[in-house]
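[1] Sequence first, predicted model second:
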Amino acid sequence: MTENNFAKSRKEGGIMFRKVLMLTSIVLVFSACEVKAGVIHSTWVGGEFGWWEQVSNWDPAKVPHNSAAETFIVKIDSNSIGVDEAKVKLQEDHPIDMLLCYGNVSLGGPTYVWSQLRLEEPNGIVNYGGLNIIAYGSVRLFEIKGNTTNIVGAVLDLWGASIFGDLYNQAGAMVEVNGEVELDGDVDNAGIIMVAPYHELETDQYFHNSGQIILIEGGCGGEVLDNNSTGIIEGFGYIYGAQEVQNKGRIIASGGSLAVLSKGPLSNSGLLSNYPLSSLQIKTAEDVNNSGTIKANTGGGVAFDYNLVNEPNGIIKLLGGTLAATTITQSAEANFTGFGGITGDLFIDPNGIIELTGPTNIVGDVNIPANATLQISDGTTLITGHATCNNGTIHMIGGRVICQGGLTNNNCNIIWEPGTYTNMADFNLDGKVNFKDFAYFGDTWLWKADWY
């Protein structure tokens, strides 16, 4: 190759390289534009009522709908436009980045067409005021796809809505449930959730409660229901954990019957209880081991479908109510006290003790093995089933036991002594034991003897 030809080749090669570099730069610029779209902050100016799809309802005058070129962060504030409530309806599916709600806002769709608001950023909907999400009828014609966060002081009212995402309810915030509300994400409640009569809030994921859930003949639950140590679930209706219920807080029946449902286990290290004239029904597929507290108040009680084991350091308090289970096992170092009703067969483990103070009915069999104690104070305990005492102890302190179904006494240690408040020898009930009681006994009973 001659020198001139070599120089010409280098020149043509340089031109070609610059063209390729320029073309590559243009492609990269367009690619970057596609990756990073322009973010538009869009504000509702449509007044008290309007359609999402109407351009004049927005500032800037563009319908919020994400595209490759631009995405939207939307703000709806009833206070800024001077109305009591901004009612916004969607006729189509609209993807946006985020939705910020202030004042009173209502979101929904017409009764005749399906629509969805899709939030493409993790923050999703953030509610700072009073937000109503409304879906009509049994056919969900309006849906939210994305996460929803209820900020402290805010109220989120769900009217039969479907939310395909997580729901976060912060401490000091409230969620009101009207209709059947379905989620496919986690529920994390640190505030208050109130479920109206015959309505429910359900998810097929994790339901975590560290706040308060109030049920008024309603229901709620998830795949796993976790009631944390600060969590309170109260009312009448039902709660469920499809696979498991974990209670470290308080579950209390009030105003009627509250059912706790699970296809798996229920673990309790918190409180299971009922208010007077209410009942707590535990329906699980496995035995329940109690390492927390169970309280059965008068006019109702706490009932288990399966067996109940009161573990060491577990506490059972009968406060005039009824405790029911297929079998009830009292472990050593567990606490079982009070008076009321016991339904089910009762087993006291060696070194275990049950202390009944006041009138009590046991509808079932009672088993008292060696070193186990059934202590009865200041009242009569009626055992309708069969009592078996094998080297155990029946200790009566100013009380008595009636084994209506019979007693198998295998070296049973039966102890009787006066109580602080009652004495079975105080026949005339004057609070004293003296010869007047002997005279009362003789006058009432001796004349009936065959030999008298």
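    Now that the structure is in, tell me what you want to look at.
[2] average pLDDT across stretch 408-415?
    Mean pLDDT, computed over stretch 408-415, is 94.
[3] Quick check: buried residues in stretch 55-66?
    For stretch 55-66, the neighbour count (16 or more other CB atoms under 10 Å) marks 57, 58, 64, 65, 66 as buried. No exception for glycine: its C-beta is placed from N, CA and C like everyone else's.
[4] Sorry, wrong one. I was asking about stretch 219-237.
    Residues 219-228, 231-237 are the ones in stretch 219-237 that count as buried (16+ other CB under 10 Å).
[5] In helices only, show me these.
    Among those, no member falls in helices (criterion: DSSP state H).
[6] Now the element after the lowest-mean-pLDDT helix or strand in the chain, going C-ward?
    Least confident helix or strand, the chain: helix 3-35 with a mean of 42, by mean pLDDT, DSSP states H and E. As assigned by DSSP states H and E, the chain's next helix or strand after helix 3-35 is strand 38-44.
[7] strand partners of the next helix or strand after that following strand, parallel vs antiparallel please.
    For strand 38-44, the succeeding helix or strand toward the C-terminus, using DSSP H and E, is strand 49-51. Sheet pairing for strand 49-51, assigned by DSSP bridges, gives strand 86-89 (parallel).
[8] helix or strand right after the strand it pairs with?
    Going down the chain from strand 86-89, the next helix or strand is strand 94-96, by DSSP H and E.
[9] could I get the helix or strand following that next one in PDB with only the CA atoms?
    For strand 94-96, the succeeding helix or strand toward the C-terminus, using DSSP H and E, is strand 98-102. C-alpha atoms of strand 98-102 as PDB (Å, rounded to 0.1, in the frame of the first residue of the first chain):
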ATOM      1  CA  MET A  98     -48.200   7.400  43.900                       C
ATOM      2  CA  LEU A  99     -51.400   8.900  45.200                       C
ATOM      3  CA  LEU A 100     -51.400  11.400  48.100                       C
ATOM      4  CA  CYS A 101     -54.800  12.100  49.700                       C
ATOM      5  CA  TYR A 102     -55.500  15.000  52.000                       C
END
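[10] and strand 98-102, how far out from the chain's middle?
    Centre-to-centre, strand 98-102 and its host chain are 28 Å apart (CA atoms, centre = their mean, to the nearest Å).
[11] same check, this time on stretch 332-344
    Distance, stretch centre to chain centre, for stretch 332-344: 26 Å (CA atoms, centre = their mean).
[12] Can you mark which positions in it are buried?
    Buried residues in stretch 332-344, counted by 16+ other CB under 10 Å: 334, 335, 336, 337, 338, 339, 340, 341, 342, 343, 344.
[13] what's the answer for stretch 274-287, then?
    Buried positions in stretch 274-287, judged by neighbour count with 16+ other CB under 10 Å: 274, 275, 278, 279, 280, 281, 282, 283, 284, 287.
[14] And stretch 46-54, by the same measure?
    Using 16+ other CB under 10 Å as the test for burial, stretch 46-54 gives 46, 50, 52, 53.
[15] before we move on, the earlier item: can you put the buried residues of stretch 332-344 in TSV and add distance to residue 367?
    As requested, the buried residues of stretch 332-344 are exported to TSV (distance: CB to CB, whole Å):
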residue	distance to residue 367
334	16
335	19
336	14
337	19
338	20
339	21
340	20
341	18
342	13
343	16
344	12
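[16] So which of the residues you listed are in strands?
    Of those, the ones assigned to strands by DSSP state E are 335, 336, 337, 338, 339, 340, 341, 342, 343, 344.
[17] Now do the same contact list for the residue nearest to the fourth one when sequence neighbours are not counted.
    So that's residue 338. Nearest residue to residue 338 in three dimensions, chain neighbours excluded: residue 318, at 3.1 Å (CB to CB, 6 or more residues apart in numbering). Listed by CB atoms under 8 Å, 6 or more residues apart in numbering, the contact set of residue 318 reads 296, 337, 338, 339, 340, 341, 342, 356, 360.
[18] Understood, closing this out.
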